[in-house]
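In: Structure of the sequence below:
(chains A, B, C and D)
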Protein chains: 2
Amino acid sequence: MISDKIQQELENLTRAERQLAHSILDNYPASGLGPLSALAKSAKVSVPTVARMVQKLGFKGYPEFQAELREELKAKVKNPIAKHDTWAEGAPSEHMLNQFTDAVIDNIRLTLGQIEPRLFDEACALVAASNTHLYVVGGRITHTLAEYLFLHLQTIRPKITHIQSTSNAWPHYLLDVQKGDVFVIFDMRRYENNTLKLAEIAHAKGAKIVLFTDQWRSPIDALADITFSNRIEVPSAWDSAATTLLLIETMISAIQNLSWNETKDRMEELEELFDRTKLFRKFN
Amino acid sequence: MISDKIQQELENLTRAERQLAHSILDNYPASGLGPLSALAKSAKVSVPTVARMVQKLGFKGYPEFQAELREELKAKVKNPIAKHDTWAEGAPSEHMLNQFTDAVIDNIRLTLGQIEPRLFDEACALVAASNTHLYVVGGRITHTLAEYLFLHLQTIRPKITHIQSTSNAWPHYLLDVQKGDVFVIFDMRRYENNTLKLAEIAHAKGAKIVLFTDQWRSPIDALADITFSNRIEVPSAWDSAATTLLLIETMISAIQNLSWNETKDRMEELEELFDRTKLFRKFN
DNA sequence: ATACTTCTGATAAATATTTTCCAGAAATTT
DNA sequence: AAATTTCTGGAAAATATTTATCAGAAGTAT
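Out: Down below sits the predicted model:
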């Protein structure tokens, strides 16, 4: 790392160079990524001093020095957390289990890093609001995620509908949409026309839209009040929904907390119901 | 933030510009801090395209664009939260987003740590074997996971059926089960009686069972040939399916690789059918 | 299918940056 | 304190980068 190298060389540097070195380390690496002249000015040394020091550090020239700084930055953004070298112990790191898990953790990190907590909280409030009707919409693959969310929310709040945009019955559901109703829409790449149409109608009717999409963003983004863009790339011919599921589950949990008082009874009642029908075994 | 601005403007950008935008976001902000020509090259667009886009984004020129990127970087590094003990930067570590993600990562680590890669590979082989019929079984909540697996495998292999154990039609599906057929069964806590019954019949008919369950293990474990026990505990009134989804997706990817030659054509055909995005240029 | 518009990239011109050179300043040695 | 060495920064030269121009390609509408 360049900052280490600078620290190490600090002894062998001249006064002006040391002054420069401190300036570089001061807000590393941003200061080194601008033009040489700007760095010289902010360190209050001359332009040639910078040029010379960079060569002293072993670089052919300032551009090469910058290139390495950028590489460092790239690497830092890619894996800031000590990379767990293998997840499945006893499998080589090239094993799909490890490769795939690495990718998913990366996706989670990058996705969460870009979420604004305030917006997340807002989305939770919208989804929790039990005075409006809630529609959960998924497409060909994503309807599984939509249903997962639906099944949980069903326990927490009333007035909730799961619409599969691939079904040709969906226009019927939209008849009763009121202004202020909330749509949670899932649309990942190979964005579906049906889903877009549905979103447009919902939007026209004055409904609010919370969108879960990928990093390239479904066109519905333009209509959405809140969008969550999830990283979905994994070493596979398909995309990963793991990050999205994480967000869904977090949202469910957050909503649960918001409205625990109201839902407590519902939950217990349901528990009771499932027991009677003997769908579930008693759990100790 | 520039990345936000880019995503926001994405609509108004032309095809080449969009391609560039994605390249910038791909490893943000490092890629934008190098020379314009390097960025153009890595995004595979021409130099003027880059120049035009930064102006479209409201900057006087590329240097000004870079200057703002550097300012962002400086601010981010200065911010004490850049210490990566939080996932959603800008949210306190007590925020549900961070708490929940911590728990899920923990679950992934613990689950993967207990998996025997050999068994995982075996399970993949069982699920991939296209000479036998494959049944995917889920319960009240887990049928969403089952369907997720089903939808993907459908593309890869023939002879596959998704059974919902809560449906009262499932006994019909079991009529044709042959010895050697494979069942992938999902059964998480509040283990379902129906699912157990189904597993018993399948087992009696000589079918092989791959079971996805939680760390306390469904009673089906006794009948299963291979069991994956997933950690599912999160700070929530419900359990997390994230780890299980990760395993499912990994399995899909592994199976895909096993049978790539056979499925390549199927995939490409589908790709063509679903691709309406026109976002990306065709690969050469 | 044709005309029209918009977009794209090769090239050239303009601008900015980096490097080199050198004279004078600062530090060190004698 | 003088001589010597090392360091520093101004300015010019060399190089690289950015911006503007324009013709042809791609896409759209008629």
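
In: so who does the residue in the stretch 1-150 of chain A that DNA strand C sits nearest to touch?
Out: For the stretch 1-150 of chain A and DNA strand C, the shortest gap (CB to the nearest atom of the strand) falls at A:Gly61, measuring 2.0 Å. Yep, even glycine has a C-beta here, placed from its N, CA and C like the rest. The contact partners of A:Gly61, taken as CB atoms under 8 Å, 6 or more residues apart in numbering or on different chains, are A:51, A:54-55.

In: top of those by neighbour count?
Out: With neighbours defined as other CB atoms under 10 Å in any protein chain shown, the most crowded of these is A:Val54; it has 24 neighbours.

In: dump the residue contacts of that one.
Out: A:61-62, A:65.

In: Among these, which ones are in strands?
Out: Secondary structure assignment by DSSP state E places none of the contacts of A:Val54 in strands.

In: which of the residues in stretch A:173-184 are buried?
Out: A:173-174, A:177, A:181-184 (16 or more other CB atoms under 10 Å in any protein chain shown).

In: er, stretch A:183-201 actually
Out: By neighbour count on 16+ other CB under 10 Å, the buried set for stretch A:183-201 is A:183-192, A:194-196, A:198-199.

In: Stretch A:20-31 too?
Out: Quick answer for stretch A:20-31 (16+ other CB under 10 Å): A:20-21, A:23-25, A:27-31.

In: Give me the below-cutoff pLDDT ranges for the stretch 51-200 of chain A.
Out: A:77-86, A:89-90 (pLDDT under 70).

In: Not counting sequence-adjacent ones, nearest residue to A:Lys5?
Out: A:Leu57 (5.9 Å; CB to CB, 6 or more residues apart in numbering or on different chains).

In: Not counting sequence-adjacent ones, nearest residue to the residue in the stretch 51-200 of chain A that DNA strand D sits nearest to?
Out: Residue of the stretch 51-200 of chain A nearest DNA strand D, by CB to the nearest atom of the strand: A:Pro63 (5.6 Å). Among residues not flanking A:Pro63 along the chain, B:Pro35 sits closest, at 7.9 Å (CB to CB, 6+ apart).

In: number of nearby residues for the one you found?
Out: 15.

In: Could you do A:Ser130 as well?
Out: Count around A:Ser130 with other CB under 10 Å applied: 15.

In: Same question for A:Gly34.
Out: Quick note: A:Gly34 (other CB under 10 Å) scores 18 neighbours.

In: if we can go back for a sec, which ones are touching the residue nearest to A:Lys5?
Out: Counted by CB under 8 Å, 6+ apart, A:Leu57 has contacts A:2, A:5-6, A:9, A:65.

In: Strands of the stretch 101-250 of chain A, residue ranges please.
Out: A:134-138, A:160-164, A:182-187, A:208-214, A:226-230 (DSSP state E, counting those that start in this stretch).

In: Tell me which of these lies nearest to DNA strand C.
Out: Once the strands of the stretch 101-250 of chain A are compared by CB to the nearest atom of the strand, strand A:208-214 is nearest, at 21.5 Å.

In: Quick check: mean pLDDT of the closest one?
Out: Mean pLDDT, strand A:208-214: 96.

In: Name the surrounding residues that touch that strand.
Out: Outside strand A:208-214, the residues that reach it (CB under 8 Å, 6+ apart) are A:123, A:126-127, A:142, A:145, A:180-189, A:191, A:199, A:202-203, A:218, A:220-221, A:223-232, A:239, A:244, A:247-248.

In: Partner strands of it, with direction?
Out: strand A:182-187 (parallel), strand A:226-230 (parallel) (DSSP bridges).

In: Dump that strand to PDB, keeping only the CA atoms.
Out: Coordinates of each C-alpha in strand A:208-214 appear next as PDB, following Å, rounded to 0.1, in the frame of the first residue of the first chain:
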ATOM      1  CA  LYS A 208     -47.600   4.900  -4.000                       C
ATOM      2  CA  ILE A 209     -44.900   2.500  -5.300                       C
ATOM      3  CA  VAL A 210     -42.100   0.800  -3.400                       C
ATOM      4  CA  LEU A 211     -39.900  -0.900  -5.900                       C
ATOM      5  CA  PHE A 212     -37.400  -3.800  -5.500                       C
ATOM      6  CA  THR A 213     -35.200  -4.000  -8.500                       C
ATOM      7  CA  ASP A 214     -31.600  -4.700  -9.500                       C
END
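
In: if we can go back for a sec, among the contacts of A:Val54, which ones are in helices?
Out: Residues of the contacts of A:Val54 located in helices (DSSP state H): A:62, A:65.

In: Reformat the contacts of A:Val54 as a markdown table; add distance to B:Ile108.
Out: Converted to a markdown table, these look like this (distance: CB to CB, whole Å):
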| residue | distance to B:Ile108 |
| --- | --- |
| A:Gly61 | 45 |
| A:Tyr62 | 43 |
| A:Phe65 | 39 |
